[in-house]
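**Q** how would this look folded up:
(one chain, ligands or ions: 1)
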Amino acid sequence: MNSSAPKSLDNAAEFAWQHDDVFGRIASRYDLLCDVFSLGIHRLWKRRVARRIADEPWTTLLDGATGTGHIVLSILAHEATRGRRVIASDISPKMLAVAQRRLAGYRERVELCLLDAEGMPSMPDGSVDAYSISLGLKICHRRRALDEAFRVLKPGGRLIVLEASNIRWAPLHRLYLAYMALCMPVLGWLATGGDASAYKYLLQGVREFPSAEDLALEIGRHGFVDVQFERHSLGIVAIHVGRKPTGH
Ligand SMILES: C[S@@+](CC[C@H](N)C(=O)[O-])C[C@H]1O[C@@H](n2cnc3c(N)ncnc32)[C@H](O)[C@@H]1O
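**A** As a prediction, the model looks like this:
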């Protein structure tokens, strides 16, 4: 994963929910698995992206591939989002069930929806002010998901993406990938009781996902403007932000 390598895979992890209900199987252990795989650092990334999302101007936010609702909970807890509304969506009913329990305290401000980020026909064009997707783009068909994000956003609407990225110093990035390839199967095997899918997709997605620079270009090619990104944890993840132009 570096900016000079060709990026042919639109779906970095080659994951298709229609063929493998891995998130359904691991829903009750998902948060624990995040702690195990990231050594707890995902909490920091999720806090950062939640703050970034909260700081953007929106009244209605659609969070795609929301998972167990960790990030949505952090967003709603921000004082700045008081009175604003969040649609938390995912393709896995079991992940959504965990999110529903977690977000029970914010029932009047959250709507939970079963939506495929690659095609959301029930969401009208230009219906939300902001769209976020965290750690979900690498397991979706990126082109379709970004097209849908663009379609459902109002003109001027914000896109916020948290995703795996690249450590800029290539030797360190290779070392990180080697560590992941070595440790993840062992940790994953132990934590999932032998369900290899959970870490197979994660590893493949991290390896094949575009660099932060390339993802910014891709987002721009989908029509977004003012695309910016910030790296976190040396570049292990990045947060990208873009805006749908007015007049669209
Ligand atoms: C790695 S988890 C990320 C969850 C959450 N955003 C987080 O940061 O913890 C990926 C989520 O994407 C969901 N997912 C996978 N493919 C999807 C799709 N095509 N549309 C919507 N959600 C999808 C899975 O069910 C899972 O909950």
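
**Q** contacting residues for Ile160?
**A** Under the criterion of Cβ atoms under 8 Å, 6 or more residues apart in numbering, the contact partners of Ile160 comprise 49, 52-53, 56, 130-133, 239-241. For glycine as for every other residue, the C-beta is placed from the backbone atoms N, C-alpha and C.

**Q** an error on my part: the question was meant for Val161.
**A** Per Cβ under 8 Å, 6+ apart, neighbours of Val161: 132-134, 137, 215, 219, 239-241.

**Q** can you turn the buried part of those residues into a ChimeraX selection?
**A** Buried members of the contacts of Val161 can be picked out in ChimeraX with the line below, counting by 16 or more other Cβ atoms under 10 Å:
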select :132,133,134,137,215,219,239,240,241
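
**Q** present the contacts of Val161 as TSV; the columns should include secondary structure.
**A** Formatted as TSV, the entries for these read as follows, by DSSP: H, G, I helix; E, B strand; the rest coil:
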residue	secondary structure
Ser132	strand
Ile133	strand
Ser134	strand
Leu137	helix
Leu215	helix
Ile219	helix
Ile239	strand
His240	strand
Val241	strand
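
**Q** which strand is the longest one in this structure?
**A** Longest strand in the chain by number of residues (criterion: DSSP state E): strand 153-164.

**Q** hmm, that one touching the ligand?
**A** No: using Cβ under 6 Å from any ligand atom, we find that strand 153-164 stays clear of the ligand, coming within 6.9 Å at best.

**Q** okay, now the sheet partners of that strand, with direction.
**A** The strands that strand 153-164 pairs with in its sheet are strand 128-134 (parallel), strand 237-243 (antiparallel) (by DSSP bridges).

**Q** mean confidence score for it?
**A** In this model, strand 153-164 has a mean pLDDT of 98.

**Q** may I have the next helix or strand after it as CSV, with CA atoms only?
**A** Moving toward the C-terminus from strand 153-164, the next helix or strand (DSSP states H and E) is helix 170-192. The C-alpha trace of helix 170-192 is given here as CSV (Å, rounded to 0.1, in the frame of the first residue of the first chain):
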residue,chain,number,x,y,z
ALA,A,170,7.8,2.8,3.7
PRO,A,171,10.1,0.5,5.7
LEU,A,172,8.1,1.1,8.8
HIS,A,173,4.9,0.5,6.9
ARG,A,174,6.2,-2.8,5.6
LEU,A,175,7.2,-3.7,9.2
TYR,A,176,3.7,-2.8,10.4
LEU,A,177,2.1,-5.0,7.7
ALA,A,178,4.5,-7.9,8.6
TYR,A,179,3.5,-7.5,12.3
MET,A,180,-0.2,-7.6,11.3
ALA,A,181,0.3,-10.6,9.0
LEU,A,182,2.1,-12.5,11.8
CYS,A,183,0.1,-11.5,14.9
MET,A,184,-3.3,-11.1,13.6
PRO,A,185,-4.0,-14.7,12.7
VAL,A,186,-2.9,-15.8,16.2
LEU,A,187,-4.8,-13.0,18.0
GLY,A,188,-7.8,-13.5,15.7
TRP,A,189,-7.9,-17.2,16.1
LEU,A,190,-7.8,-16.9,19.9
ALA,A,191,-10.3,-14.0,20.1
THR,A,192,-12.9,-15.5,17.6
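
**Q** what's the angle between helix 170-192 and strand 153-164?
**A** Between the axis of helix 170-192 and that of strand 153-164 there is an angle of 90 degrees, by axes from the mean of the first three to the mean of the last three Cα atoms, to 10 degrees.

**Q** quick one: contacts of the helix or strand that comes right after helix 170-192?
**A** Read in the C-terminal direction, the helix or strand following helix 170-192 is helix 197-208, with elements assigned using DSSP H and E. Counting contacts by Cβ under 8 Å, 6+ apart, the residues outside helix 197-208 that touch it are 1, 7, 9, 12-15, 20, 22, 25-26, 33, 37, 138-139, 164, 177, 180-181, 184-185, 187-189, 191-192.
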